[in-house]
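Student: Pasting a predicted model and its sequence here:
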Amino acid sequence: MKSILCVWKLGEEKMKQSILFISLLAIFLGNTGCATIISGKHQTIPISSEPPGIKVRASTGEMVTTPGEITLVRNKNHILVAECPDGKSQQQQLKHGIQGWFFANILLGGIPGMVVDLITGSSDELKPKEVHFVCQ
């Protein structure tokens, strides 16, 4: 009888360890990719101009008339070209770089969170965060 109780206790201990492991794994995987969760892989850039009504084209081909917004992927550089009324064009480069939320993975998601953010492109942000063109 004593040996049956020992086996039962051993099985109960393994079950507790398994539940603890699965719980910790769920918490760990659930918190991966802080930048992906917080900001996503696209960024909306507000665009304004003086005078308003200027057409702006992104290197992706997307067009917007100022004032407006354009949504671009975070993990690539982009060029915005404003077509001014005098026939001249102006350019503004948007550069991508690592954003702060990516580093929250060190505390919350660890290496898997960093990998998720890098794969999805959410680890980056575009700068400047808003663009203003002044046409003569």
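Tutor: Noted; the coordinates are in hand.
Student: CA only for contacts and neighbour counts going forward, please
Tutor: Will do.
Student: how many other residues sit next to Thr71?
Tutor: 12 (other CA atoms under 10 Å).
Student: Ok, the one 3 residues further on next?
Tutor: Residues lying near Arg74 (other CA under 10 Å) number 27.
Student: Take the helix or strand hosting His132, keep the C-alpha atoms, and write them as CSV.
Tutor: Assigned by DSSP states H and E, His132 belongs to strand 131-134. Extracted C-alpha coordinates of strand 131-134, given in CSV (Å, rounded to 0.1, in the frame of the first residue of the first chain):
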residue,chain,number,x,y,z
VAL,A,131,6.4,65.6,-43.1
HIS,A,132,5.7,69.2,-44.1
PHE,A,133,6.5,70.6,-47.6
VAL,A,134,6.8,74.3,-48.3
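Student: strands paired with that strand, and their directions?
Tutor: The strands beside strand 131-134 in its sheet (DSSP bridges) come out as strand 42-50 (parallel).
Student: hang on, the earlier thing: next, the buried residues of the strand holding His132.
Tutor: Residues of strand 131-134 classed as buried by neighbour count (16 or more other CA atoms under 10 Å): 131, 133.
Student: Low-confidence ranges, this protein, go.
Tutor: For the chain, the stretches with pLDDT under 70 are 1-11, 23-39, 99-110, 114, 117-118, 121.
Student: now with 90?
Tutor: 1-43, 74-75, 86-87, 96-126, 136 (pLDDT under 90).
Student: At which residues are the strands of it located?
Tutor: Remark: strands assigned in the chain by DSSP state E are 42-50, 55-58, 63-65, 68-73, 78-83, 89-98, 124-127, 131-134.
Student: Okay, buried residues for the fourth one please.
Tutor: I take that to be strand 68-73. By neighbour count on 16+ other CA under 10 Å, the buried set for strand 68-73 is 68-70, 72-73.
Student: tell me which strands and helices that strand is in contact with?
Tutor: strand 42-50 (3 or more CA pairs under 8 Å, 6 or more residues apart in numbering; DSSP states H and E).
Student: For Lys95, list each beta-bridge partner.
Tutor: Lys127.
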